[in-house]
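S.K.: For reference, the sequence and a predicted model appear below.
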Amino acid sequence: MKRIAAMTLAASLLAVPALAAPVNQMANHETAIGANTKGGYIEHKVTGKATVGYEYMDRDEYQNQDAVYLQYDLIGSEVKGIGGYRWNLPGDKHNAYIGAAVSTPKVFGFEAYASYIAGKDFNETQVGLNKNIIANIDANINYHNFKPDEGHHEDGIGVGLSVKF
């Protein structure tokens with residue numbers, strides 16, 4: 001199993017760029033740390049419904065972007081409201097944003113999700129699939145589309161790993 005985890009991590013570092021944290025299902029007071037091809041995140045479920053997080057994104061064409069966010073479970077843990085703030089958008093802008101995420105219940109360790117967020121100067125969509133590979137380690141594959149109002153949009157397919165504790 002350790003070999004599979006190491007191979008998955010190596011593959012995630014070689015994959016086509018995709019960014020943004022996946023949508024995770026977490027227990028109360030659980031923390032998730034994840035890395036993908038060009039970024040990483042940490043988030044913590046502070047109450048039964050609220051998750052706070054920080055995300056770092058290494059954009060191809062733009063500066064590195066940072067974001068802080070809050071996810072709030074609206075309907076079970078499958079529908080979430082999202083609010084946050086992102087720094088270093090194209091044109092040296094910073095934006096508050098809102099959005100939503102939906103996910104399916106886990107089936108054979110797989111969980112599909114989709115998320116959409118929008119700020120004054122950008123919008124971003126992500127669809128993906130999480131797969132539990134070992135106890136508290138999930139692999140992720142996703143398609144990501146970032147559309148700033150200024151400059152070119154960025155999209156791609158990527159993979160990553162998350163560890164929950």
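M.R.: Done, it's in.
S.K.: any idea how far the residue nearest the centre of the chain lies from H44?
M.R.: Nearest to the geometric centre of the chain sits A21, at 1.2 Å (C-alpha atoms, centre = their mean). When distances are taken as C-beta to C-beta, to the nearest Å, A21 and H44 turn out to be 12 Å apart. Quick note: C-beta positions are derived from backbone N, CA and C, even for glycine.
S.K.: Would you enumerate the residues in contact with the residue nearest to the centre of the chain?
M.R.: The contact partners of A21, by C-beta atoms under 8 Å, 6 or more residues apart in numbering, come to G34, Y41, E43, G53, E55.
S.K.: can you list residues touching both of A21 and H44?
M.R.: G53.
S.K.: As a markdown table, the contacts of A21 with neighbour count and secondary structure would be great.
M.R.: As requested, the contacts of A21 are arranged in a markdown table below (neighbours: other C-beta atoms under 10 Å; DSSP: H, G, I helix; E, B strand; the rest coil):
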| residue | neighbour count | secondary structure |
| --- | --- | --- |
| G34 | 22 | strand |
| Y41 | 23 | strand |
| E43 | 23 | strand |
| G53 | 21 | strand |
| E55 | 20 | strand |
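S.K.: Give the ranges of residues in this structure that sit below the confidence cut-off.
M.R.: Under the criterion of pLDDT under 70, the regions of the chain flagged as low confidence span 1-20.
S.K.: residue boundaries of the strands in it?
M.R.: Across the chain, reading from the start of the chain, the strands by DSSP state E fall at 31-36, 39-45, 50-58, 64-75, 79-89, 93-103, 110-119, 122-134, 137-148, 154-164.
S.K.: possible to save those as CSV with distance to Q25?
M.R.: As requested, those are arranged in CSV below (distance: least, C-beta to C-beta, whole Å):
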stretch, distance to Q25
strand 31-36, 10
strand 39-45, 10
strand 50-58, 10
strand 64-75, 9
strand 79-89, 10
strand 93-103, 7
strand 110-119, 7
strand 122-134, 8
strand 137-148, 10
strand 154-164, 9
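S.K.: returning to what we had before: from the contacts of A21, pick the one nearest N95.
M.R.: Proximity to N95 was ranked across those by C-beta to C-beta; first place goes to E55, at 13.9 Å.
S.K.: so what's the closest one bridging to?
M.R.: Applying DSSP bridges to E55 gives these bridge partners: Y41, A67.
S.K.: what do you get for G119?
M.R.: Following DSSP bridges, G119 is listed with bridge partners Y97, F122.
S.K.: how close does it sit to H153?
M.R.: According to C-beta to C-beta, G119 and H153 sit 14 Å apart.
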